[in-house]
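S.K.: Give me a 3D structure for the following:
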Amino acid sequence: MSVPASEAAKRLLPGAELCVHCGFCLQACPTYLALDDENDSPRGRIVLMKALADGSISTTDTAALEHLDRCLGCRACETACPSGVPYGQMLESTRERLAPERPLPLIARTILWTFARQWSLLVAMAGARLLRATGIAKLLSNLPGSAGFGMAMLHSTRRSAHPQPWTPRVGGERGTVATLDGCVMEGLFSDVNRATERTLSENGYRVQHASGQRCCGALHAHAGDATTARELARTNIVAFEQSGAEFVAVNSAGCGSMLKEYGHLLQDDAAWRDRAVAFSAKVRDVSELLAVAGPLQGAAIGKRVTYDAPCHLMHGQRILNPPLAVLGAIEGLHLVPLNDCEQCCGSAGIYNLIEPDVSDRVLAPKLANIEATHAQIVATGNPGCLMQIGAGLARSGSDIVARHPIELLDASYGRRARNGQPT
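M.R.: Residues are numbered from 1 along each chain as shown. Predicted coordinates for the structure are as follows:
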């Protein structure tokens, strides 16, 4: 007896039946706003995903698949949805089923292969730092097209001056924290990782390292390579279990969202499911931990700042106020509201490299809104967003720079320490 098409769709896409096509997701979707096509909206894509699941659309239908490819996976639709449709999980499930029949573009396969192997990742990051240090990235950043934008992204990770050293107090009363190094964070934003360690310690946490940790697997899961994502998840679970830490601190919104969903990723693996759920329960964005601690007040840094909310922090993890608490701990900070701060910047992992045209169209209004604030710094807590926005601002000739909120708090604490001010 054959299974009805609707039942097949339910089985392959749990939660799809929750969508009532109300349309609340439309104005939240960056690709719908940029392209004005119902097929490039969440509810349009849900129709396509259901049709692929029940077989009414072929997996070789390039027109249908193109609309799914163009989804950023920002999950803003989940925040807007009154029915609780798990759109992000449905998209990843669909991409996983399509992956064997439909290979990713070469650049995507190369990046995923590199990030899945520690030795190749180290080589790639060393090469990227060399391009940055020699000025080649800056020299090539004005080239047209995605090549020039990629170089601009790399150049945007450069810091004109490293943080002046200061010594935090030895924390511990708030518990032990193992920090996620992250691939791009440790490779290109190591100063942010060190700032994360200092600010956590200053706010009462004992910071330790989890040896053996790897890439979080977010890029692989989003692209449909769930097998590799699960392998990386198991490795990370073991590494952080062995650290014995009470919390896992993450300063990359995309990585944090992935780590918090290891329970879902490994839900069909009886040997790992419970361990994954227990691990995810320990994961915190660094701003969450600091907000619980206060955080302690820092000195003034004399900057006009606006805050852009990373999609996987606001929509994936539903975290909004803690980053503002981090910035609020900086004495006298002039924090300027950013219009449509909840809208995606167009980075979305490797999306800007494989869908550059749509990515540019999504980024354009973001840059215009940032410029309208007349801020000196735009703060955002995700490496992809830092690079995407930083590159866009630089290529437009703007003087505004993109920085992680933790960089600003760390600078504030450093200034307080050098001035001999009490905590």
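S.K.: downstream neighbour of the worst-scoring helix or strand of the chain on mean pLDDT in the secondary structure list?
M.R.: Across the helices and strands of the chain, the lowest-confidence element by mean pLDDT, DSSP states H and E is helix 5-12, at a mean of 57. Beyond helix 5-12 on the C-terminal side, the first helix or strand identified by DSSP states H and E is helix 30-35.
S.K.: In PDB, list the C-alpha atoms belonging to the helix or strand just after that following helix.
M.R.: Using DSSP H and E, the helix or strand that follows helix 30-35 towards the C-terminus is helix 42-54. Output in PDB follows, covering the C-alpha atoms of helix 42-54 (Å, rounded to 0.1, in the frame of the first residue of the first chain):
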ATOM      1  CA  PRO A  42       9.600  31.200   3.600                       C
ATOM      2  CA  ARG A  43       6.000  30.100   2.800                       C
ATOM      3  CA  GLY A  44       6.800  29.700  -0.900                       C
ATOM      4  CA  ARG A  45       9.800  27.600  -0.100                       C
ATOM      5  CA  ILE A  46       7.800  25.500   2.300                       C
ATOM      6  CA  VAL A  47       5.500  24.700  -0.500                       C
ATOM      7  CA  LEU A  48       8.500  23.700  -2.600                       C
ATOM      8  CA  MET A  49      10.000  21.600   0.200                       C
ATOM      9  CA  LYS A  50       6.700  19.700   0.700                       C
ATOM     10  CA  ALA A  51       6.400  19.100  -3.100                       C
ATOM     11  CA  LEU A  52      10.000  17.700  -3.200                       C
ATOM     12  CA  ALA A  53       9.200  15.500  -0.200                       C
ATOM     13  CA  ASP A  54       6.100  14.000  -1.600                       C
END
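S.K.: any idea which helix or strand carries Leu91?
M.R.: helix 87-98.
S.K.: buried set for that helix?
M.R.: Tyr87, Gly88, Gln89, Met90, Leu91, Glu92, Ser93, Thr94, Arg95, Glu96, Arg97, Leu98 (16 or more other C-beta atoms under 10 Å). Every residue, glycine included, has its C-beta placed from N, CA and C.
S.K.: Between the two ends of stretch 131-143, what distance do you get?
M.R.: 15 Å (C-alpha to C-alpha, to the nearest Å).
S.K.: That stretch: how far from the chain's middle?
M.R.: Stretch 131-143 has its C-alpha centroid displaced from the chain centroid by 24 Å (C-alpha atoms, centre = their mean, to the nearest Å).
S.K.: ok, the residue nearest to the spatial centre of the chain - contacts?
M.R.: The residue lying closest to the centre of the chain (C-alpha atoms, centre = their mean) is Gly254, at 2.5 Å. Neighbouring residues of Gly254 by C-beta atoms under 8 Å, 6 or more residues apart in numbering: Cys216, Ala218, Pro310, His312, Gly316, Gly349, Asn382, Pro383, Gly384.
S.K.: and the host helix or strand of the fourth one, what other elements does it pack with?
M.R.: By that I understand His312. According to DSSP H and E, His312 maps onto helix 311-314. Under the contact criterion of 3 or more C-beta pairs under 8 Å, 6 or more residues apart in numbering; DSSP states H and E, helix 311-314 touches helix 253-260.
S.K.: How far does the helix it packs on sit from its chain's centre?
M.R.: The answer for helix 253-260 is 7 Å, by C-alpha atoms, centre = their mean.
S.K.: what about Arg100, how many neighbours?
M.R.: Just so we're on the same page, residue 100 is Pro rather than Arg. When neighbours are counted by other C-beta atoms under 10 Å, Pro100 registers 9.
S.K.: could you check the distance from it over to His209?
M.R.: Taking C-beta to C-beta, to the nearest Å as the measure, Pro100 and His209 are separated by 37 Å.
S.K.: Can you list the low-confidence ranges for the chain?
M.R.: By pLDDT under 70, the weakly predicted segments of the chain are 1-12, 421-423.
S.K.: so what are the domain limits for it?
M.R.: For the chain, the structural domains run 5-98, 297-418, going by automatic domain parsing.
S.K.: Out of those domains, the one nearest Gln164 is which?
M.R.: Shortest distance between Gln164 and the domains of the chain, using C-beta to C-beta, is found for domain 297-418: 5.5 Å.
S.K.: give the contact list for the residue nearest to Glu288 when sequence neighbours are not counted.
M.R.: Nearest residue to Glu288 in three dimensions, chain neighbours excluded: Pro322, at 5.0 Å (C-beta to C-beta, 6 or more residues apart in numbering). For Pro322, the contact set (C-beta under 8 Å, 6+ apart) comprises Asp285, Ser287, Glu288, Leu290, Ala291.
S.K.: and with 6 Å instead?
M.R.: Ser287, Glu288, Ala291 (C-beta atoms under 6 Å, 6 or more residues apart in numbering).
S.K.: again with Gly182
M.R.: Gly182 sits in contact with Ser252, Cys255, where contact means C-beta under 6 Å, 6+ apart.
S.K.: hmm, 10 Å instead?
M.R.: Counting by C-beta atoms under 10 Å, 6 or more residues apart in numbering, Gly182 touches 188-190, 192-193, 196, 213, 215-216, 250-252, 254-256, 383.
S.K.: swap in Ser41?
M.R.: Counting by C-beta under 10 Å, 6+ apart, the residues that Ser41 touches are 23, 25-29, 31-33, 35, 47, 67, 71, 77.
S.K.: Name the nearest of those residues relative to Ala126.
M.R.: Cys71 (32.8 Å).
S.K.: That closest one sits in which helix or strand?
M.R.: Counting by DSSP H and E, Cys71 is part of no helix or strand.
S.K.: pretty sure it contacts Asp37?
M.R.: No - judged on C-beta atoms under 10 Å, Cys71 makes no contact with Asp37 at a distance of 12.0 Å.
S.K.: The two: which has the busier surroundings?
M.R.: Comparing Cys71 with Asp37 by other C-beta under 10 Å, the one with more neighbours is Cys71, at 26 against 12.
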